[in-house]
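Novice: A structural model of the following input is requested.
(chains A, B, C and D)
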There are 2 protein chains.
Amino acid sequence: MPTPPASSRVTLTDIAAACGLSRATVSLVLRGSPLVSPRTRARVEAEIQRQGYVYHRGAANLRRKASNTVALVINDLSNPFFAEFAAGVDETLAEAGHVTLLGSTGESVERQQTVLASLLEHAPAGLILSPAEGSDADRLRTLLRPGLPVLVFNRELEGRDARNGWDYLGLDNVRGARLATEHLLALGHRRIAFFGGHRDSSSCAQRRRGYHEALADAGIVPEPHWLVESAPTRLEAAGQTGALFLRDPAPTAAVCYNDAVALGLVAGLARRGRRAGEDFAVTGFDDIPEAAASFPPLTTVSVDPRARGHEAATMILQRLDAPAGAPFAHVSPARLLCRASSDVRPADLSPPRATP
Amino acid sequence: MPTPPASSRVTLTDIAAACGLSRATVSLVLRGSPLVSPRTRARVEAEIQRQGYVYHRGAANLRRKASNTVALVINDLSNPFFAEFAAGVDETLAEAGHVTLLGSTGESVERQQTVLASLLEHAPAGLILSPAEGSDADRLRTLLRPGLPVLVFNRELEGRDARNGWDYLGLDNVRGARLATEHLLALGHRRIAFFGGHRDSSSCAQRRRGYHEALADAGIVPEPHWLVESAPTRLEAAGQTGALFLRDPAPTAAVCYNDAVALGLVAGLARRGRRAGEDFAVTGFDDIPEAAASFPPLTTVSVDPRARGHEAATMILQRLDAPAGAPFAHVSPARLLCRASSDVRPADLSPPRATP
DNA sequence: CTGAAAGCGCTTACAG
DNA sequence: CTGAAAGCGCTTACAG
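Specialist: Next up, the predicted model:
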């Protein structure tokens, strides 16, 4: 018996023919319609099994003018924050029977346009977009068909009418940084640095705002040298550690832009003979998995990116069911997790050991 | 002027009608055919711009029996190794104009079947699969149409005829662990532990094999208590640190299953008053970003998951061009990166400080 | 409960 | 270089 040519796909027509039924009936079986008798259904299902038939969702979607696909565009998966977010999105979408079309921008507005254009040709039912830094609402709008459900995540868009009827899910960066700063103030710290991040990034600007607000409430005006910038990576942050100690009196604590920067600072302190949580207080932001496992464990602000992914997917799925309706903007609360890295009062600071 | 109903999609027919051309001609323009005169092309392109036409790749794919989509199925994006791999795959696919369909299994064979079935209904041109632990080649084959280009990554499949004509891209776990062990041997260590990982995981088994081979070549038979298992996470590994020191003489060095475990061990040692790279030698595996930035920097085996992602995408793209041909199996070499965490000879071990 | 016909948006020969 | 016709694999009214 010659094997059938691998090229010829088994279609619904083949199943119908083998069962002596019309294609319409088989189609009803495929979609679980109650109009079909159990006996017919069983026959069709057996035949599907026998011939190894695979539903062609693209054809169905074309005919129905529908789609079970959602496009997810993020900065880059090598950032654990986005990786966790993407994992959460994909998990929830998959549970609902949807498929994730993945795109990444590498924080480039140009690549974002290209990647979006390519994804949109697949006619996704919705879009979850974590915009690249500097994204412009007007340029994006030219790509997106009116009526496409869009959820903007994590970063507000620039440009007039930036909200544009799109849904928004953000993180409470201001309040998160404020909580961290207030925690250090409550321990008695007065000279508190804001360490790491680039001032022009919107999330850094928001976190700095929270820091400034908390200090202002305590009647403290930060010295310029308490504000240290660095790329948001461990290595760069470790290298900037010295900038905190250029002038006397030096800060006794630092609110860090994120966990990567905070861990870099902890390493940088170690190299200078200082121990976080013993002679300097450190807080992070993000609660990446390493935060709890590092030594000392890192006090940080939890934003739970995986949960945010679930949230984002749920929001877009709702919107698919009800395309109309006022856009919602939700800002997820940030929670402070107190751990050992900040567990020191200025009065108890042990004197730093001499730098080797 | 009333706005046109948002529901009615602009199609190629609309463009053709507006230009007074046939649909075939417009189609040629869309695909950049040289058969069309420059004037006609310009007119069509202007009209496309004007009406905001978006190519419907699903319809085109249906007609052409082709696809520019590749399915990527991995364990979970919250593992940085897979996140980097996925980033590499997506990057290379996007450059080639393909779109990534993402699926994750959470290391569950059942979810893998479901997720694959859902992705395959979208008729991807190819599949990159990092199989869940315990995946069976026969069960997978029932889902995959014969002739679908498949690249298996990272883990060999179980079951008879497991290769099954599919391409394979693996990591040289055996040689990587051997390199790390030989490095410690060359420094003079004789009591070397293998720390972390679950024995039944295939990558752990392979890394243990390399460790055993290197010891055997040096005429060393490992003591049972040198082999310590743990979940492949920092926290679990830190908790298992004590197991290394239950018996005298204790090991002076450890080859760790991966970087997460190695960093956990470094933290665990610190809690016991021991410093990696000063009174104990530690090596990791994976070269995650933190490895270079931790304190001390971690000696590790580099497998460069992002580069492996590029490689995997390139392999599958080649296979799309040339579906036939013998399957290839490529094992990427592992490289040892020597850093401070292993930079100590047994003769120079400083005596451990007393446990607090 | 089942079937014949039309059509989703595109491309593919084939003729001119 | 351009156009009329058929068809990719499915679903949707509409009849029966």
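Novice: how close does A:S22 sit to DNA strand D?
Specialist: Computed as C-beta to the nearest atom of the strand, to the nearest Å, the A:S22 to DNA strand D distance reads 8 Å. C-betas here are computed from N, CA, C, even on glycine.
Novice: For DNA strand D, give me its nearest residue in the stretch 201-350 of chain A.
Specialist: Taking C-beta to the nearest atom of the strand, DNA strand D has its nearest neighbour within the stretch 201-350 of chain A at A:L320, 15.3 Å off.
Novice: sec struct for that residue, please.
Specialist: helix (DSSP: H, G, I helix; E, B strand; the rest coil).
Novice: which one is A:L171 nearest to, not counting chain neighbours?
Specialist: Nearest residue to A:L171, sequence neighbours excluded (C-beta to C-beta, 6 or more residues apart in numbering or on different chains): A:V303, at 4.9 Å.
Novice: and that neighbour, how far is that from B:A324?
Specialist: Remark: distance between A:V303 and B:A324 (C-beta to C-beta, to the nearest Å) = 49 Å.
Novice: Ok, A:N68 next?
Specialist: Distance of A:N68 to B:A324, given as C-beta to C-beta: 32 Å.
Novice: Compare the two (neighbour count), which wins?
Specialist: A:N68 (18 against 6; other C-beta atoms under 10 Å in any protein chain shown).
Novice: ok, A:P297 - contacts?
Specialist: By C-beta atoms under 8 Å, 6 or more residues apart in numbering or on different chains, the contact list for A:P297 reads A:291, A:339-341.
Novice: try 7 Å
Specialist: A:339-341 (C-beta atoms under 7 Å, 6 or more residues apart in numbering or on different chains).
Novice: Kindly report the same for A:E229.
Specialist: A:197-199.
Novice: Then A:E45?
Specialist: Counted by C-beta under 7 Å, 6+ apart, A:E45 has contacts A:V29.
Novice: Apart from its chain neighbours, what residue comes closest to A:A329?
Specialist: Closest to A:A329 by C-beta to C-beta, 6+ apart is A:Y168, at 4.1 Å.
Novice: which SS class is that neighbour?
Specialist: strand.
Novice: does it have beta-bridge partners, and which?
Specialist: A:V152, A:A329 (DSSP bridges).
Novice: hang on, isn't it packed against A:S332?
Specialist: No. The criterion here is C-beta atoms under 7 Å, and A:Y168 misses it with A:S332 at 11.1 Å.
Novice: Give me the more crowded residue out of those two.
Specialist: A:Y168 (21 against 18).
Novice: thinking again about what came up before, of the contacts of A:P297, closest to B:T241?
Specialist: Of all the contacts of A:P297, B:T241 sits closest to A:A340, with 17.7 Å by C-beta to C-beta.
Novice: Model confidence score at the closest one, please.
Specialist: Per-residue confidence at A:A340 stands at 94 (pLDDT).
Novice: Just to check, it is in contact with A:P296?
Specialist: Yes. If you go by C-beta under 7 Å, A:A340 and A:P296 touch, sitting 3.8 Å apart.
Novice: Please identify every residue contacting each of the two.
Specialist: Joint contacts of A:A340 and A:P296 (C-beta under 7 Å, 6+ apart) are A:G277.
Novice: Of those two, give the one with the bigger neighbour count.
Specialist: Neighbour count, other C-beta under 10 Å: between A:A340 and A:P296, A:P296 has more, with 20 against 16.
Novice: how distant is stretch A:97-111 from the center of its chain?
Specialist: 12 Å (C-alpha atoms, centre = their mean, to the nearest Å).
Novice: for A:T283, what are its contacts?
Specialist: Here A:T283 is in contact with A:180, A:183-184, A:255-256, A:262, A:299-300, A:342 (criterion: C-beta under 7 Å, 6+ apart).
Novice: now it, which residues is it bridged with?
Specialist: With DSSP bridges as the rule, A:T283 is bridged to A:V255, A:T299.
Novice: Tell me which stretches of the stretch 151-300 of chain A form helices.
Specialist: A:173-186, A:202-217, A:234-240, A:259-271, A:289-293 (DSSP state H, counting those that start in this stretch).
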